[in-house]
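Novice: this one's sequence-less:
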């Protein structure tokens, strides 16, 4: 078996959108740079990103989770709270940062389709973070 080529790989999961325009506005408000806007919208997220598609299936959307590792969760939380996401986008209220049983400090944010984002604070002593 040969070696896998490496160099410029980039993984981008596809996320559902019940209302594509509303979801695009939601992600732009959060601060994700939009790289492409068309039948799909591609957003950057750190060294990765995601593809927002014009497809929605309730069971899939409400069982999709994304993890965003950040260096300063308190700064992210202040940003998230300042956006009034429930008022602007009709989403569930974000859940404030708390240390979870598995050791990560996490805030939770729901997008307009029901996708759950885990906004997690990176731990300096955990290589996987």
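Specialist: Right, received. Where do you want to start? Computed from a predicted model, the values in this text were never measured in an experiment.

Novice: In the protein, where is pLDDT below threshold?
Specialist: Residues of the chain meeting the criterion pLDDT under 70: 1.

Novice: would you list every one of the helices in it?
Specialist: 20-30, 58-61, 73-82, 85-89 (DSSP state H).

Novice: quick one: buried residues of the third one?
Specialist: Within helix 73-82, the residues scored as buried using 16 or more other C-beta atoms under 10 Å are 73, 76-77, 80. In this view, the C-beta of every residue, glycine as well, is placed from N, C-alpha and C.

Novice: got JSON lines for the helices of the chain, with distance to residue 44 too?
Specialist: Output for these, formatted as JSON lines (distance: least, C-beta to C-beta, whole Å):
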{"stretch": "helix 20-30", "distance to residue 44": "10"}
{"stretch": "helix 58-61", "distance to residue 44": "22"}
{"stretch": "helix 73-82", "distance to residue 44": "16"}
{"stretch": "helix 85-89", "distance to residue 44": "20"}
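
Novice: mind checking which of those is nearest residue 107?
Specialist: helix 73-82 (5.3 Å; C-beta to C-beta).

Novice: Residues contacting the closest one, please?
Specialist: 30-31, 70, 94, 96-97, 105-107, 109, 119-121 (C-beta atoms under 8 Å, 6 or more residues apart in numbering).

Novice: give me that answer again for 6 Å
Specialist: 70, 94, 97, 105, 107, 119, 121 (C-beta atoms under 6 Å, 6 or more residues apart in numbering).

Novice: Which of the helices of the chain sits closest to residue 49?
Specialist: That would be helix 20-30 among the helices of the chain, by C-beta to C-beta, at 10.4 Å.

Novice: what's the distance between residue 6 and residue 46?
Specialist: Going from residue 6 to residue 46 by C-beta to C-beta, to the nearest Å gives 19 Å.

Novice: can you pull the buried residues of stretch 10-17?
Specialist: 15-17.
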